[in-house]
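In: Starting from these lines, generate the structure:
(chains A and B)
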Protein chains: 2
Amino acid sequence: MDLTSFVTSLGTYFGIFMGLMIVYAFLSWRAGNNVVYYPNKILKGLEPLEGKNKSCNPFIWMKVALLPSGVDTAVYFVFLNTVLSILVLSAVILLPVLLPVAVTDERVVKESLTSHYNQTVVDELQKLTMGNITEKSNRLWAFFVCCYWFSLVALGLLWKACKHVSCLRAQALMDPNNVKPEQFAVVVRDIPAVPLGETTTEEYVHSYFKAIYPDTYYKCMIVTDNRKANRIWEELEGYKKQLARAETVFQMSKTNAKLEGTRPTIKTGLLGLCGSKVDSIEYYNDRINETVTKLEAEQKITQSKKQQNAALVFFTSRVVAASAAQSLHAQMVDTWSVSPAAEPRQLIWHNLTIKYFERELRKYLVHAIVALTIVFYMVPISFISAFTTLQNLVELAPFIEPVVRIKALRTVLEAYLPQLALIIFFYLLPKLLLYLSKLEGIPTQSQAVRAASGKYFYFPVVNVFLGVTLGGTLYRTFKLIEDNPKSLLSWLVMSLPDNATFFLTYLSLKFFVGYGLELSRLVPLILYHFKRKYICKTEAECKEAWAPGDLGYETRVSEDMLIVIIVFCYSVIAPLIIPFGVLYFGLGWLILRNQALNVYVPTFESNGRMWPHIHNRILASLILYQVTMLVYFGLQKFYYASLLIPLPILSFIYGFVCAKKFYPAFERPILEVAAYSMREAPDMELIFRSFIPPSLNSEKIDDENFEDSISKF
Amino acid sequence: MDLTSFVTSLGTYFGIFMGLMIVYAFLSWRAGNNVVYYPNKILKGLEPLEGKNKSCNPFIWMKVALLPSGVDTAVYFVFLNTVLSILVLSAVILLPVLLPVAVTDERVVKESLTSHYNQTVVDELQKLTMGNITEKSNRLWAFFVCCYWFSLVALGLLWKACKHVSCLRAQALMDPNNVKPEQFAVVVRDIPAVPLGETTTEEYVHSYFKAIYPDTYYKCMIVTDNRKANRIWEELEGYKKQLARAETVFQMSKTNAKLEGTRPTIKTGLLGLCGSKVDSIEYYNDRINETVTKLEAEQKITQSKKQQNAALVFFTSRVVAASAAQSLHAQMVDTWSVSPAAEPRQLIWHNLTIKYFERELRKYLVHAIVALTIVFYMVPISFISAFTTLQNLVELAPFIEPVVRIKALRTVLEAYLPQLALIIFFYLLPKLLLYLSKLEGIPTQSQAVRAASGKYFYFPVVNVFLGVTLGGTLYRTFKLIEDNPKSLLSWLVMSLPDNATFFLTYLSLKFFVGYGLELSRLVPLILYHFKRKYICKTEAECKEAWAPGDLGYETRVSEDMLIVIIVFCYSVIAPLIIPFGVLYFGLGWLILRNQALNVYVPTFESNGRMWPHIHNRILASLILYQVTMLVYFGLQKFYYASLLIPLPILSFIYGFVCAKKFYPAFERPILEVAAYSMREAPDMELIFRSFIPPSLNSEKIDDENFEDSISKF
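Out: Numbering: from 1, shown residues only, chains lettered A, B, ... in the order given. Prediction:
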């Protein structure tokens, strides 16, 4: 890629970005769109952006004070921040040193003169890379030193970040104003069959834990088979929604010509299409009363007869709960296995009852499936895209023939149809991986998201990084072997920096177009307005339509990590990539701060348990970078390349120390943290009841007081 | 090896065994030798073998009732018992089926007829092995089925043993009559530097644990730098012994001609060789008084000023101690690391103060050293034995020349001198490995012994098993390739069973001569009588001379394990080895029961923590056997050999399940066990003081009452 086309695409992306910014400034200014651009604030009961009207500056959101909302979000920003600092601090040395050193050498010019088969113009961008340095040149020492500088900066800042996040987590768990109910509970799985003498699982669990913790045991909650109760409860909620909708329709019809309005009607038969017509409001009221009775009966049966082999056990002391969660209770370790409890909203109840060795088996099976998918995912996609050529499609569905006849459309379709399968695959992939992770028997939502994120990580890496690097290099190499096998090594050296040029455009696409779309929220905006106009009637339905969801760690972290790998690996080879990395993480930091504050609402809070996951992957990128440099210096015939070997060893030792020193505190509750004094003695009954699933909650709906107290936690 | 020489050596070994048995019966009958043959009973205050005089039957000890003395000993017998049962149960099928099937085929006869280079006589023993089966013969199905039978029997019995040992351990730890002081304590290491505001480590530890366990924390004992106190204490003990010796000498001189006796004298100068002569008894009394004062002063300094970064923390509840021992206390996991306490007598105090990452570093270093030793230990030994030829020795030490001139002696020396280095190496090896294991920073004696045993395991395996099997096979193979490369495969098949014949003699040597020597205790007997005659004067010195030591798990288990590997691997190839294995483990069981009851005194009790170590190695032998069979069936061109692949997979799954289900209960204290009710509330002060090292114990020696109470635990 030559300089002109590079500048052109950069300009285009920047234009799109500016356009999206203006669209955002314009749209977010309109009060009707507040629910799309400030849902988080609205849900918290805050006024969306008070100073908004004073200025129409589209960059106003940059000034917003940055309050963290939860440790998970804070950890994500520590990640962005750390990578940004690594890049900025290394750029301070790398750019002023390496660019002049590279540009004043002239390997590229020489190669293009001596190369027999292709007298192309000199690639200006390549003159700024390590590929322009003559073999065995002393100039390589500059790159060598920078290699060390970059690694040491990265390790230093990662260490600082580890300490910071560890501190953040401890503080959040100690916070006397925000006592978490899950700190008083443990999850008990693999409860053995009830022995003779005890009547129910509940009694058995009670007597078992009462014997071990005579003073601090509070109560236990047995996990029950709620499938039927859940079905009835969902039915009830459905009727409630329908009732609200019917009432709204009735109200709306009143305001029109007829003063008394028309009462909406419904057909009672299949799908509301046949059967006798009845009054909707009366019909739904009847159904609700009926279902409530059914639900109450089912709740009783569930709690007494459908007890499963898992339970939540509550203690009156946080220290005891924390200590119990990491101790072995039974001599046979596959029974009475205890683990820390999680927030009620993120417990995956049906996974709690899976038995010990079944969980292990599922884990290995799922890992095997994912490993196979990573290696072979291109096979089914190629197969599908080969199958879905236009001709095949026309044969299968003759009615699309008229569309295909239009020439322009045909060209576009033929060009993009093979890509479509890949796009759909990458759209469905995170959902598939989350589903697979839940199949493993993971007990909490946050852990399932982490597991899914860990699996997703490999796909962009294989697809983009390895695809472009190996693909591009191998392609040029094969082409060369045919023509002139002598200069093979030299071409290997040249082609790696050439890939860097591709990644420069890829990065700018990501931060200009990607973040522009992220900020302007065009898709959710259109969806919301469409739904409001044609589907939603009641307020609850509207609220559902603009529900913002969470930051989406499972894909976001993996995609950022791809950028980390790219920028780290090319940082010394083609230092020009660093400013692009800085822009990516800088813009990302600013825009996602805005989104985290105004838009997204976390669906769970794991108090930063994501960090070891993120940290491990940054470290892996660093080691990949160090090994790449070792190989690349070798290709440049730099005889001191072996002096780089201490770097990956150092990184491994650093990783080992971190894994020992910091990680366990993310996995298991820490006693000195749990022992931190609380403002007031906790209300154990409230804590206990916050874990009751909604379908089993026998409280009447009007018990607002209680609901409020629960949401306090 | 042909049949005659095999029977000859078998007869010789049996003769030696019978001789040793008669010697034992004769010697153990004499009351003067009781301290050698019944030291355990004497130390326990029992009468050595009451029924002894009624019969002179040398097999009387077989009838002794078998009371277990400690879980560690019991676990060792479960090991012997399990292997014995596996062998007996598989022999029931293997011997009657495989021997007739093998002996009626005639491959060996054919091979010896067709083999061009060597018309040897037919090896009768080899006709009883799988090597006698013609290639691809259907008779191999019998061996195939036996392969499955042996594996299934082994896995079944191992599972039963695991359950049994797990139960034994739980029962011992729950025993209400035998409450162990270590169950109330935890070891705390890596205590951070004392912060401002606290004065001593003791106060710091106290306030830290008091905050976490306000109700159950009892006291803490800071590990101190005792080197100087220990030195003074040892000096004191030395003087006490000398005083006792001087008094005995004085008493003995009285009973002679002179009634008032001669008071012994001593020279006060260097090594008692020069200086002025003084009265011994007065001199030592003075020294003792002086040293006691010095010791008391040093004790005060040690306890106030030499506090280290480790401590023992005591709780009033076993459950809390058990739970604390496996919980993370500090957010930074490399500080305040807590682990279960061990018996006071087996704590390695100076290892407690080694820091977290230093321990890790030492562990890896030691493992690297041991790995290098295993791979290359033959190199220095060969070097030394090459260097220590007779000629070299004579040059170095001319005074031995007259000895060398004797021809018979010269022959013997020349034959055995190269072996001498190996023998000395194998004698010193366990001590070296125990030293290395302690260097790792392991906190308890029992764990160090296990670590040393794990390391020792590889040496007999490499030396004997791999040495003979590979060495023998390769030697024959190379010889063959020169002569007739065509029948190489066929010879590989023949040579493996041939090794079995060597192992038959090796086993019989082990059980006849080895166990005969073990039972007759000739070496300790001679040493004891020598010491009593020429060195020992006082009763305490005599007691030291016959101190029996413990069973010596670190080498014994590894050597038994070598036999397990040999017998397992050859069980189907040469079924004749099974009766020899039965004899080894059967005789071992009988003789060691006697030794455990009468002779050896355990130096520590780890409540069966040896079991996972033993079990893992039996399982590894089983997998090695299965893989060997897979390869051997392949060599026999048996096309269904791949049907054996499920066997190692099954063994791996079995091992995985065991490691998950049973092993953690051997590593960490179990809460349901710790919660088991005790007969009476424990005396915390006694428990606390049982951990005070003797050199720091400020109690006067005449506090007999207290000493007794401590020994209760």
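
In: how about the helices in the stretch 101-250 of chain A?
Out: A:107-114, A:140-174, A:201-212, A:227-255 (DSSP state H, counting those that start in this stretch).

In: could I get the ones you listed as JSON lines with mean neighbour count and distance to B:Tyr506?
Out: To be clear about C-beta, it is placed using only N, CA and C from the backbone, and glycine gets the same treatment. Shown next, in JSON lines, are the helices of the stretch 101-250 of chain A (neighbours: other Cβ atoms under 10 Å in any protein chain shown; distance: least, Cβ to Cβ, whole Å):
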{"stretch": "helix A:107-114", "mean neighbour count": "15", "distance to B:Tyr506": "69"}
{"stretch": "helix A:140-174", "mean neighbour count": "19", "distance to B:Tyr506": "55"}
{"stretch": "helix A:201-212", "mean neighbour count": "19", "distance to B:Tyr506": "52"}
{"stretch": "helix A:227-255", "mean neighbour count": "16", "distance to B:Tyr506": "65"}
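
In: how about those in CSV, adding mean pLDDT?
Out: Below are the helices of the stretch 101-250 of chain A laid out as CSV (pLDDT from 0 to 100):
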stretch, mean pLDDT
helix A:107-114, 70
helix A:140-174, 93
helix A:201-212, 91
helix A:227-255, 84
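
In: Dump these to a markdown table, plus distance to A:Leu125.
Out: Shown next, in a markdown table, are the helices of the stretch 101-250 of chain A (distance: least, Cβ to Cβ, whole Å):
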| stretch | distance to A:Leu125 |
| --- | --- |
| helix A:107-114 | 10 |
| helix A:140-174 | 17 |
| helix A:201-212 | 67 |
| helix A:227-255 | 58 |
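
In: between the ones you listed, which one is nearest to A:Leu80?
Out: With Cβ to Cβ, the closest approach to A:Leu80 among the helices of the stretch 101-250 of chain A belongs to helix A:140-174: 10.7 Å.

In: Which strands or helices does that closest one pack on?
Out: helix A:71-103, helix A:611-635, helix A:646-661, helix A:664-667, helix A:671-674 (3 or more Cβ pairs under 8 Å, 6 or more residues apart in numbering or on different chains; DSSP states H and E).

In: Just want the angle from that helix to helix A:71-103.
Out: Using axes from the mean of the first three to the mean of the last three Cα atoms, to 10 degrees, one finds that helix A:140-174 and helix A:71-103 are set 170 degrees apart in direction.

In: can you give me how far helix A:140-174 is from the chain middle?
Out: Distance of helix A:140-174 from the chain centroid (Cα atoms, centre = their mean, to the nearest Å) equals 23 Å.

In: Stretch A:427-442 too?
Out: On Cα atoms, centre = their mean, the centre of stretch A:427-442 falls 12 Å from the chain's centre.

In: What of stretch A:513-531?
Out: With Cα atoms, centre = their mean as the basis, stretch A:513-531 stands 18 Å off its chain's centre.

In: One more: stretch A:621-629?
Out: How far stretch A:621-629 lies from its chain's middle: 25 Å, per Cα atoms, centre = their mean.

In: quick one on the thing from earlier: out of the helices and strands packed on helix A:140-174, nearest to B:Tyr654?
Out: helix A:664-667 (28.1 Å).

In: right, is the closest one up against chain B?
Out: Yes - with Cβ under 8 Å from any Cβ of the partner chain as the measure, helix A:664-667 is seen reaching chain B through A:Pro664, A:Ala665.

In: buried ones in that helix?
Out: Across helix A:664-667, burial judged by 16 or more other Cβ atoms under 10 Å in any protein chain shown covers A:Pro664, A:Ala665, A:Phe666.

In: and the nearest residue to A:Val36 once chain neighbours are set aside, which of the three is it?
Out: Nearest non-adjacent residue to A:Val36, counting by Cβ to Cβ, 6 or more residues apart in numbering or on different chains: A:Leu525, 4.9 Å away. At A:Leu525 the chain is in helix, as set by DSSP: H, G, I helix; E, B strand; the rest coil.

In: you'd agree A:Leu525 is up against A:Val35?
Out: No - A:Leu525 is not in contact with A:Val35 according to Cβ atoms under 8 Å; the separation is 9.9 Å.

In: With pLDDT added, can I get the buried residues of helix A:664-667 in TSV?
Out: Listed next are the buried residues of helix A:664-667 as TSV, based on pLDDT from 0 to 100:
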residue	pLDDT
A:Pro664	93
A:Ala665	93
A:Phe666	93
